[in-house]
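# Prediction below, plus the sequence it came from.
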Amino acid sequence: MGKTLSQKIWDNHLVHSGSGEPDLLYIDLHLVHEVTSPQAFDGLRITDRKVRRPDLTVSTEDHNVPTENIDQPIEDEISLKQIETLRSNAKEFGFTHFPMGHPNQGIVHVIGPELGLTQPGMTVVCGDSHTSTHGAFGALAFGIGTSEVEHVLATQTLPQPLQETMAITITGELPPESSAKDVVLAVLGAVGTGGGIGAIAEFRGPVIEALSMEGRMTVCNMSIEFGAKAGLIAPDEITYEYLKGRTNSPTGDLWENALIEWQKLHSDDDAVFDREIVLNGDDIVPQVTWGTNPGQVIPVRGTIPNPTSFEDIADREAAERALEYMGLQADAPITSVPVDTVFIGSCTNSRIEDLRAAAAVIEGKKVSTGVRTLVVPGSGLVKKQAEDEGLDDIFKSAGFDWREPGCSMCLAMNPDKLSPRERSASTSNRNFEGRQGRGGRTHLVSPRVAAATAIAGHFATPEDL
Amino acid sequence: MEAVHIIQGTAVPLDRSDVDTDQIIPSDWLKRVERTGFEKGLFSEWKDDPEFILNDEAYSAASILIAGPNFGTGSSREHAVWAIQQAGFQAVISPRFGPIFKNNSTKNGLVPVEVDPEIGNRLLVEVQQQPLLEFVIDVERRLVEVPEINLEVEFPLDKPVQHRLLNGLDDISITLTNEASISTFEEARMAWLPSQK
């Protein structure tokens, strides 16, 4: 029997395997940020351990950083302390760190790929659940907790029990109005938040193959939202084209050698997945979440569900609670709901292609009166490229705030937050209660829908403007 | 990590599904660089509601948290586990756990007890009716016992995870017994792989 892509990567990283023990996997790249690492470095100091491979460890500041006035000291003293702690840990343990204001600084899952640090067939971990993003390159990438961060720092390995495999095939062709974000939201709508628990999900089929690397990253990014350990996509010409010439990509003979190995990275025809789901891409229309978990999703042109329509009692109760929290009326069209804020950013949708897609929608238009709008590029490099292309002018003329890179309003650890009952259309990944600020009401959408919503003042697709 | 064999005590019924780690410990609490002091952050936004079950005096001595399915989904923050433990809980019972949360739990000695949805529902109802119902969670036998209602169910726990819980073992020292294999693996890594040397 053939192997799946994830099994091949797994086997290529096996350091030790013993019966009755989890496999010990080697980790090729460990990305680190300020929030989930301080207690891990403390652990190393207590046990007098070093970072085994500082050369395979790269860190940046993203969760806490302000997106305005970054030349000024950080006002929040606790945030400042956390950032300074990472800077001093980088110095003490000797690994590369990109601080605020550095051209390579940005959201950890944006900078890894754009610097060519993420390559096919690698194992990538980070103390952040959205590490699944890097799976877009055919890497096995997953989020870990702080105990595991310490473990990787000390040993460059992780003990891992075997995972099930899951194939998610998107057939047909995506309608031109739909994007990668709509694909992954549609998957979430189909399988629910628990649908991938215990599995590594491989996205495949013509719709996935047609996506750019940015789109593939958006899809893999949200694998964790249906509980998958990781999400990944087999590398192909689009992957190689993206990687060619990046800072850490191989060159010359090494590039040719790498290509030979990368071309082996696909699931064999006779490989068997433990679970399979198939969605028809022809039917995937622009999506928006209505509730407080990312599986509570409907088409933008749909109506807000009535809790009585759920057969499962737990789903019904969850829907009732979600509607109350979100301040929504069952059965109303969601396009009738006005928004207060539009946020374009996060590790899901802050790459150059996302900014281009949003800019194309708003060019020559104005943000609806009273709607607060902010664009937070994923990294210093994305920001610079967007500025070189004049996208910042398009956003600013339409009335958007153009900010410095960071996680920003995705999780409200910096000053960018929603107020209680404030409603956002957000290109981020989680609509949990209070995620964007205490009492805030988050609706997840694609960059195109976010842009159209900013112009209309209520949920809308560009085609409805 | 301290060894854990038997957990004996009462439980609090948190009758909600999809309790994500943002609810367990809101992001304001993640700015701290310490490993202790998270108990006040546990469900801090929900706790403002006086009706919230964790504010109910009847359950103030509980050492077990029972919740609906998909407990601990979302963010990888281990702070969620620290907050639950530091607030006095030793085990969480749910029909299904977020995978990173579950993993983080066992690294800290918080026992994730996965039960059938029907059993989960029954336990929620029983504890709502009888707050002082005594539970015994036996890690060695992988059993949840509630003698007063004649309930005894098994729960899954990987053998290696169980071994580490029972002996309070630290993963890093176990891994470092394979030091020779790690070094051998490193010597054979592909030359093109990125490195910041």
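Received the coordinates, thanks.
# can you map out the helices along chain B?
Remark: helices assigned in chain B by DSSP state H are B:21-24, B:79-86, B:99-108, B:117-129, B:159-167, B:171-175, B:179-187.
# Export these to CSV and append columns for mean pLDDT, mean neighbour count and distance to residue A:175.
Using the backbone N, CA and C atoms, a C-beta is placed for each residue, glycine as well. Formatted as CSV, the helices of chain B follow (pLDDT from 0 to 100; neighbours: other CB atoms under 10 Å in any protein chain shown; distance: least, CB to CB, whole Å):
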stretch, mean pLDDT, mean neighbour count, distance to residue A:175
helix B:21-24, 98, 26, 33
helix B:79-86, 98, 25, 39
helix B:99-108, 96, 24, 33
helix B:117-129, 97, 17, 37
helix B:159-167, 95, 17, 45
helix B:171-175, 93, 18, 48
helix B:179-187, 98, 13, 47
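# residue contacts, residue B:89?
B:62, B:63, B:64, B:65, B:110 (CB atoms under 8 Å, 6 or more residues apart in numbering or on different chains).
# try 10 Å this time
By CB atoms under 10 Å, 6 or more residues apart in numbering or on different chains, the contact list for residue B:89 reads B:7, B:9, B:11-12, B:39, B:42, B:62-65, B:81, B:83, B:110-111.
# Over to residue A:205?
Per CB under 10 Å, 6+ apart, neighbours of residue A:205: A:167, A:168, A:169, A:170, A:171, A:172, A:278, A:279, A:280, A:281.
# Within the helices and strands, which one has the closest residue in space to the last one that isn't next to it in sequence?
When the adjacent residues along the chain are set aside, residue A:281 lies closest to residue A:207, with 3.7 Å between them (CB to CB, 6 or more residues apart in numbering or on different chains). When secondary structure is defined by DSSP states H and E, residue A:207 falls within helix A:206-209.
# That helix: which residues count as buried?
A:207, A:208 (16 or more other CB atoms under 10 Å in any protein chain shown).
# what's that helix in contact with?
A:136, A:168-174, A:178, A:180, A:183, A:202-203, A:215-216, A:219-220, A:233-234, A:236-238, A:279-282, A:284.
# Could you count how many residues lie near residue B:74?
Counted by other CB atoms under 10 Å in any protein chain shown, the residues lying close to residue B:74 total 28.
# what does residue A:126 give?
Neighbour tally, residue A:126, other CB under 10 Å: 29.
# Same check on the one 5 residues further on?
Neighbour count for residue A:131, taken as other CB under 10 Å: 30.
# Give me the secondary structure label for it.
helix (DSSP: H, G, I helix; E, B strand; the rest coil).
# Where does residue A:393 sit: helix, strand or coil?
Residue A:393, by the three-state scheme (three-state DSSP), is helix.
# measure it to residue A:358 for me?
14 Å (CB to CB, to the nearest Å).
# In terms of neighbours, single out the busier of these two.
Neighbours were counted for residue A:393 and for residue A:358 using other CB under 10 Å; residue A:358 has more, 29 against 14.
# quick one: that one and residue A:365 touch, right?
No: using CB atoms under 10 Å, residue A:358 is not in contact with residue A:365, being 11.5 Å away.
# Need the overlap of contacts for the two.
What both residue A:358 and residue A:365 touch, as defined by CB under 10 Å, 6+ apart, is the set A:394, A:398, A:451, A:452, A:454.
# Which strand residues bridge the closest residue in space to residue A:105 that isn't next to it in sequence?
Spatial nearest neighbour of residue A:105, excluding adjacent residues (CB to CB, 6+ apart): residue A:98 at 4.4 Å. Under the criterion DSSP bridges, residue A:98 forms beta bridges with residue A:60.
# Hmm, residue A:98 is touching residue A:62, no?
Yes: counting by CB under 10 Å, residue A:98 does reach residue A:62; the two are 9.5 Å apart.
# Just want to know which of these two has more residues nearby.
Using other CB under 10 Å, the more surrounded residue of residue A:98 and residue A:62 is residue A:62, with 29 against 21.
# show me the contacts for the more buried one.
With the criterion set at CB under 10 Å, 6+ apart, residue A:62 makes contact with A:33-35, A:98, A:100, A:105-111, A:128, A:347, A:378-379, A:405-408, A:410, A:413-414.
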